[in-house]
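**Student:** Would you be able to build a 3D model of this:
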Amino acid sequence: MCCDGFCSVADRMETNGTDEVEKLKSKLMSAWHNVKYSWVLKSKTAFSRNSPVFLLGKCYHFKAVDVESPTESCTAEALDDDVVTGNVDGFRKDFTSRVWLTYREEFPDLPGSTLTSDCGWGCTLRAGQMILAQALLLHILGRDWTWSEALTLEPLDTETWTSSAARRLMATVEASIQGERAQVTQQPLCAAQGGAEEADSYLQEAYHRTIVSWFGDRPSAQLGIHSLVKLGMTSGKHAGDWYGPAVVAHILRKAVDEAVDAMLKGISVYVAQDCTVYSADVTDSHSGRTGSHCDPQGLNSEAASDSRAVIILIPVRLGGEKINPQYLSFVKSILSLEYCIGIIGGKPKQAYYFVGFQDDSLIYMDPHYCQSFVDVSTSDFPLQSFHCPSPKKMPFSKMDPSCTIGFYSKNVEHYKRISTELSKVAAFNYVIGNCQTTVNASSIDYCEGIILCIILSFFIINIAAFIEREVPCIHLFEGTREGL
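**Tutor:** Next up, the predicted model:
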């Protein structure tokens, strides 16, 4: 029988040994994923010159000048060639300006584990971060904002990225660490010199850096991987587990609710239940009220009735084991809307952030490339690794049926416009009825008000959905969930 001291030492040695094994496994996983996905990043993505490209509600056209020798498609690399005109640079700048959040390594231990990388399991969390980042860009900078350095980034379709990118990034990080370690702060407009235009550009860049810093890979980052993993633990998820799109939607809601930054207090996340959006609940979220119609403190006053923006996340399943091809037009319609902030989706066990489409292919941002940790607490941390200059495409047929659709609603009037725009989408029909509160064998009671119910108009989809146990429709009710 051993003494307590010896047992304690032995236990610590066993624990330390286990931690070292986990860290080694994490490093090997990171190396493997870099090998596995580097060829994807280097591969050329083909874009048609004859079909429009939709990116988060904006439409771009590429066209060939030489009509005598037309080409059906071109690669992302060839978009710079003289034979292609149209707003090519506009598309590239718009895409590259979206915040790209990928696997990272060598960051502080994640809560409840010794893992220092999310490589191999955190892709859905990263896709969720990207859809949230897009909503924050809309909220703070607007849809027309683009990063001034977007067109200067080196494309990922080159050999130099995979061979030397990590060294370049780490060298930049080390240089910034050696400099003055000032915290990222919101700079006043008057801080910039050189006139109103320069001041506005300066302020936008400060906001840009602030948004990226919220997603930093450190425990104090309010929307970072550490915060998301910690919140996931309340739902039974842990670092190293795989997260689904619906679970991530709820984690994002909790993260925004618990954020302490003053700028994040002006926005909330609403997650639809059973594919149903209750308009009164969204309105309450805009006013800062949740869960009840009561207004004991006068929150329903004109001054407070429209104080917060709302991110609407709708988890859906567009098929049984595989995607139902009838939903292609539905997904296209969603990504064509200016209020759409993208889709958390992907292939089976591989999450992507879908931001657009061309023809029958989806355009996405891939979180699977593992990059080195960047210290976002420095005032001039490098932004290059948070933006992707090379868009990727995949056939719609390969999409996993489980996904989460996102919208951004600035205020109540904005939400009304979203409903109006959805009514114009060919894949939807509006059905006017009453909000059912109780259903029993003898009677049906109805509450006052009109229900706006968006139902997919394709009868064949509804039949297939019933057979395959899909979630075939999205409802907009003017009541609240508690009223049903």
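**Student:** Low-confidence stretches in this structure?
**Tutor:** Residue ranges of the chain with pLDDT under 70: 1-19, 22-23, 26, 29-30, 33-43, 64-86, 155-197, 289-306, 425-473, 475-484.
**Student:** repeat that for 80
**Tutor:** Within the chain, the stretches with pLDDT under 80 are 1-44, 63-87, 154-199, 288-307, 422-484.
**Student:** And the helices in it, which stretches?
**Tutor:** 4-42, 88-97, 123-140, 159-178, 196-214, 225-232, 245-258, 279-287, 328-335, 412-423, 459-468 (DSSP state H).
**Student:** quick one: the nearest residue to residue 128 once chain neighbours are set aside and residue 126, what's the gap?
**Tutor:** Spatial nearest neighbour of residue 128, excluding adjacent residues (CB to CB, 6 or more residues apart in numbering): residue 248 at 3.9 Å. Just so you know, the C-beta spots here come from the backbone N, C-alpha and C atoms, and that holds for glycine as well. Distance of residue 248 to residue 126, computed by CB to CB, to the nearest Å: 10 Å.
**Student:** Return stretch 405-417 as CSV; C-alpha atoms alone will do.
**Tutor:** These are the backbone C-alpha positions of stretch 405-417, laid out as CSV (Å, rounded to 0.1, in the frame of the first residue of the first chain):
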residue,chain,number,x,y,z
ILE,A,405,-29.8,30.0,-42.3
GLY,A,406,-29.0,33.5,-41.1
PHE,A,407,-30.6,37.0,-41.5
TYR,A,408,-29.8,40.4,-40.1
SER,A,409,-32.6,42.7,-39.1
LYS,A,410,-31.6,46.2,-38.1
ASN,A,411,-34.9,47.3,-36.6
VAL,A,412,-38.6,46.6,-36.7
GLU,A,413,-39.2,48.3,-40.0
HIS,A,414,-36.2,46.4,-41.4
TYR,A,415,-37.8,43.1,-40.3
LYS,A,416,-41.1,44.1,-42.0
ARG,A,417,-39.1,44.6,-45.2
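**Student:** Could I get the buried residue list for that stretch?
**Tutor:** Buried residues in stretch 405-417, counted by 16 or more other CB atoms under 10 Å: 405-412, 414-415.
**Student:** And stretch 252-267, by the same measure?
**Tutor:** 252-256, 259, 264, 267.
**Student:** One more: stretch 206-225?
**Tutor:** Of the residues in stretch 206-225, 206-219, 221-225 count as buried by neighbour count, 16+ other CB under 10 Å.
**Student:** Using CSV, write out every CA atom in it.
**Tutor:** Provided in CSV are the C-alpha atoms of stretch 206-225 (Å, rounded to 0.1, in the frame of the first residue of the first chain):
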residue,chain,number,x,y,z
ALA,A,206,-10.6,50.7,-36.0
TYR,A,207,-14.1,49.1,-36.1
HIS,A,208,-12.8,46.4,-38.5
ARG,A,209,-10.0,45.5,-36.1
THR,A,210,-12.4,45.5,-33.1
ILE,A,211,-14.7,43.1,-34.8
VAL,A,212,-11.9,40.7,-35.6
SER,A,213,-10.5,41.0,-32.1
TRP,A,214,-13.9,39.8,-30.6
PHE,A,215,-13.2,36.4,-32.3
GLY,A,216,-9.6,36.1,-31.1
ASP,A,217,-8.4,32.7,-29.8
ARG,A,218,-7.9,33.7,-26.2
PRO,A,219,-10.1,33.2,-23.1
SER,A,220,-11.0,36.9,-22.8
ALA,A,221,-12.3,37.2,-26.4
GLN,A,222,-16.1,37.5,-26.0
LEU,A,223,-16.9,35.6,-29.3
GLY,A,224,-13.7,33.5,-29.5
ILE,A,225,-13.4,29.8,-29.6
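**Student:** pretty sure residue 315 is touching residue 276, no?
**Tutor:** No. Residue 315 is not in contact with residue 276 according to CB atoms under 8 Å; the separation is 10.9 Å.
**Student:** ok, these two, which is more surrounded?
**Tutor:** Shown here are residue 315 and residue 276; by other CB atoms under 10 Å, residue 315 has more neighbours (22 against 17).
**Student:** Just list the residues touching that one, thanks.
**Tutor:** Listed by CB atoms under 8 Å, 6 or more residues apart in numbering, the contact partners of residue 315 are 245-246, 249, 271-272, 275, 402-404.
**Student:** Can you get me a residue count around residue 199?
**Tutor:** 17.
**Student:** Skip the chain neighbours and tell me the closest residue to residue 238.
**Tutor:** Closest residue to residue 238 apart from its sequence neighbours, by CB to CB, 6+ apart: residue 112 at 5.7 Å.
**Student:** That neighbour and residue 320, how far apart?
**Tutor:** Distance from residue 112 to residue 320, by CB to CB: 34 Å.
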